[in-house]
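Visitor: any chance you can model this:
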Amino acid sequence: MRFAVEEINNSTSLLPNVSLGYEIFDYCSDSHNLQAALDFLSKKLTRVIPVVDRITEYLPKVLTVIGPFGTTESLVIAPLFGSYGVPMISPGASSLRLSDKINNPSFLRTIPSDKNQVRVIIQLLRRFNWNWVAFVGSGDDYSNDALREFDKEARLVGICVPYQTTLPQDTSKIGALFDSIATVNVSVVVVFSTRIYAIPFIKAAVANNVRDKVWIASEAWSMNEELARMPGIDTIGTVIGITTGGLAPLEGFEEFVRKTLAHRDGEICSDSSRSAVEETCNQDCPACANVTLENLLSPDPSYRLRVYSSVYLAAHALHQLLGCDAKYCRRSDPVLPHMVLKKLKTVNFTLYGRTIKFDVNGDPIPSYDFVVWDRTSPRFYKKIGSYTSDPEPIFVLNASLIRWFSNGTVPVLTCSAECEAGYRRTSTGAHSCCFDCEPCLNGTFVNHTADPYKCVKCETDEWSENGSSCTKRSQEYLHYTDLVSIGLFLSATILISLSIAVGAVFVWNRNTPVVKSAGGKMCFFMLGCLIVSCTTIFSFHGVPHGWTCMLRFPVFTVFYTACLSCLTVRSFQIVFIFKMAAKLPKAYDFWVKHNGQWLTIMACVAIQIILCTIWIGVEGPRPFNNTVAYKDQIIFQCSLGNLYGLFTVTSFTAFLSILCFGFSYMGTDLPKNYNEAKSITISLLVLFISWISYFTSRMVYQGKYLEVINAGSVLSTLYGILLCYFVPKCCIILFKPDQNTPAHFQSCIQNYTKTISTK
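Guide: From the prediction side, this is the model:
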């Protein structure tokens, strides 16, 4: 402090024609030093402290108080100075409660609040994933406030504190603490204590042969060189310290101390000096005369910068109040403490590369350095990182500079190792950091960030094995480029081409007996329905859509029903002509006169359209993502919709098939040219076998190739009619023209008549 005051007084720019005065008191206890604190508040040139209504008019003995250093001491006297508006700048009181401006309106400090220090320690623990921690304090305000904040912050980030204690004044009881720490198996110990308690605790750790632990030292004792150089200190593990920054030496300070020691007279507080300060001197320290240069330079260097900054803060505030420039301070009016306080809150300058200013709570910009004790280093410590919040929070740590006790690697200091992906936690005790791990079931996973204790279902497009994480399912459907798809396209194209070719042959020979006996114009209608039905094959590929599902089922069903109705009517008509027309001439005449065959076909198609419409209206075929059949796949397919609707539509088709088969069977004894029993029977057998195979496959198989089976059933059904009904007739037209004459047909009818008449 003296160094800073004399440096300012010798400056020609800060307070050029003004000298700072000071009195220094050793705040060694609350009771013995309250008199000195009251002396500061006494009215100037008196020893009286009046009761004042307006502090804006009160001028005490001092304008600003620097100190005290400790938290408890500051909490005792800060409200007292606040009641008179006297600024109090502490370089070492870091309690959270001192940020309360209601109770401590004039308190300022150059050390960050312990709230920030606790958060920095939490970040340090998280940086190394340490979550099983002991907290050791000194039982004073400094430690107790920090413990409350540490508990709150640790809970938020999942750090457990299974053991916390207060260091006893009786050092003989310290040994029992290490037994308790060993019982809970803690290897990270946060020692948030004042120096007077921390020193015997660490010495006891060495004496009790405590090994392989990480010690987190708070700023109060982290730079204690006596402990850092103590023999055996390396055996206790790794000591990582938090310091408030400013580790660089002050320019000229060592020389100032050297000169001061050279001119000392050996007595700190003589009778004459005691009288000069009105009997408030409390510097009775006979041993202080034996202080060496090393004693004065070895304490925490960050402490020196905080005291130095405190004095410069007061000087900068006066610089503004007195209207100083580089040569003169022009103000002649009295300066009152409340004026200094107001200016202190707005001061902003740079000192040794650090911005010095206060926030609304009178706290400085949080800034910390991280050090690790190293006896091999000339300075007993190594700086391994830093934290600053100006202009934004930046946490920097170089772990490679740390000499770990665990073979040079970062020790794993947790109660339980983190569960692997796909494994959830199960609690095993009172602390959340202690747990067992068990695998999640198929189709579930655990989100360790959200809730590490709960397995939740994967998304519908994901899957997982036991004890694994969710991965995307493969999306399966029939691609256009698959070989089987190309085969289906080719088959459909051939069928359509054959149908067109057959149609062309029938058109060219439309007046021949074979075409007329096959149905005449009805054949072209059937071939058209076959072609339309065949085009639905192209809807079985790619990702299903609503319209493709409609093509696959209802559209195909309607046009195939039209084709099947033609076969049924044609079979009935031939049987009716040969076996019933003579017996029922009026019925036959009515059938012919009113186009009974077309009315029947249209009626059947209309019924099927109505049934399909109802089916679609209730719940028709639609796109369906099958996530059940295979755990690692999503099968894009079409659902069958309402099963009752499907059953009704299918039943009507089956009814027509049976009716067609019955009529064709009744005509087995008809003339060969009119006997369609064999061709219709084979085509219907193909129909039944194909669709029974498809529905059976659908019950046992749900893969993407189910669509191939479906398309194959459609193709085989259509090929059955084309090859069994139309192709034989084309062969007669093209290769047996002698059988495609009226004479041949007349001969066959006559032979049939003779056969009937002989029976």
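Visitor: thought Cys748 was touching Thr513, still the case?
Guide: Not quite, residue 513 is Pro, not Thr. No. In terms of Cβ atoms under 8 Å, Pro513 does not count as a neighbour of Cys748; the distance is 9.7 Å. C-betas here are computed from N, CA, C, even on glycine.
Visitor: how long is stretch 381-400 from one end to the other?
Guide: End-to-end distance of stretch 381-400: 14 Å, with Cα to Cα, to the nearest Å as the criterion.
Visitor: buried set for it?
Guide: Within stretch 381-400, the residues scored as buried using 16 or more other Cβ atoms under 10 Å are Tyr381, Lys382, Lys383, Ile384, Gly385, Ser386, Tyr387, Thr388, Ser389, Phe395, Leu397.
Visitor: closest to Pro728 out of these?
Guide: For Pro728, the closest of the buried residues of stretch 381-400 turns out to be Phe395, at 88.3 Å, with distances computed as Cβ to Cβ.
Visitor: any idea how far that closest one is from Ile242?
Guide: Counting by Cβ to Cβ, to the nearest Å, the gap between Phe395 and Ile242 amounts to 12 Å.
Visitor: need the overlap of contacts for these two.
Guide: Overlap between the contact sets of Phe395 and Ile242, as judged by Cβ atoms under 8 Å, 6 or more residues apart in numbering, is given by Val120.
Visitor: re the thing from before, kindly reformat the buried residues of stretch 381-400 as CSV containing secondary structure, pLDDT and distance to His744.
Guide: What follows is the buried residues of stretch 381-400, written out as CSV (DSSP: H, G, I helix; E, B strand; the rest coil; pLDDT from 0 to 100; distance: Cβ to Cβ, whole Å):
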residue, secondary structure, pLDDT, distance to His744
Tyr381, strand, 87, 119
Lys382, strand, 90, 115
Lys383, strand, 91, 114
Ile384, strand, 92, 110
Gly385, strand, 92, 108
Ser386, strand, 92, 110
Tyr387, strand, 92, 108
Thr388, strand, 89, 109
Ser389, coil, 85, 108
Phe395, strand, 92, 103
Leu397, strand, 93, 104
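Visitor: list just the nearest of these to Leu527.
Guide: Distances from Leu527 to these, taken as Cβ to Cβ, are shortest for Phe395 (80.6 Å).
Visitor: if I look at that closest one, how far off is Ala217?
Guide: Counting by Cβ to Cβ, the gap from Phe395 to Ala217 is 18 Å.
Visitor: kindly report the same for Phe661.
Guide: As judged by Cβ to Cβ, Phe661 and Ala217 stand 97 Å apart.
Visitor: as JSON lines, the buried residues of stretch 381-400 with distance to Leu321 would be great.
Guide: As requested, the buried residues of stretch 381-400 are arranged in JSON lines below (distance: Cβ to Cβ, whole Å):
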{"residue": "Tyr381", "distance to Leu321": "40"}
{"residue": "Lys382", "distance to Leu321": "43"}
{"residue": "Lys383", "distance to Leu321": "38"}
{"residue": "Ile384", "distance to Leu321": "42"}
{"residue": "Gly385", "distance to Leu321": "39"}
{"residue": "Ser386", "distance to Leu321": "34"}
{"residue": "Tyr387", "distance to Leu321": "34"}
{"residue": "Thr388", "distance to Leu321": "30"}
{"residue": "Ser389", "distance to Leu321": "29"}
{"residue": "Phe395", "distance to Leu321": "38"}
{"residue": "Leu397", "distance to Leu321": "42"}
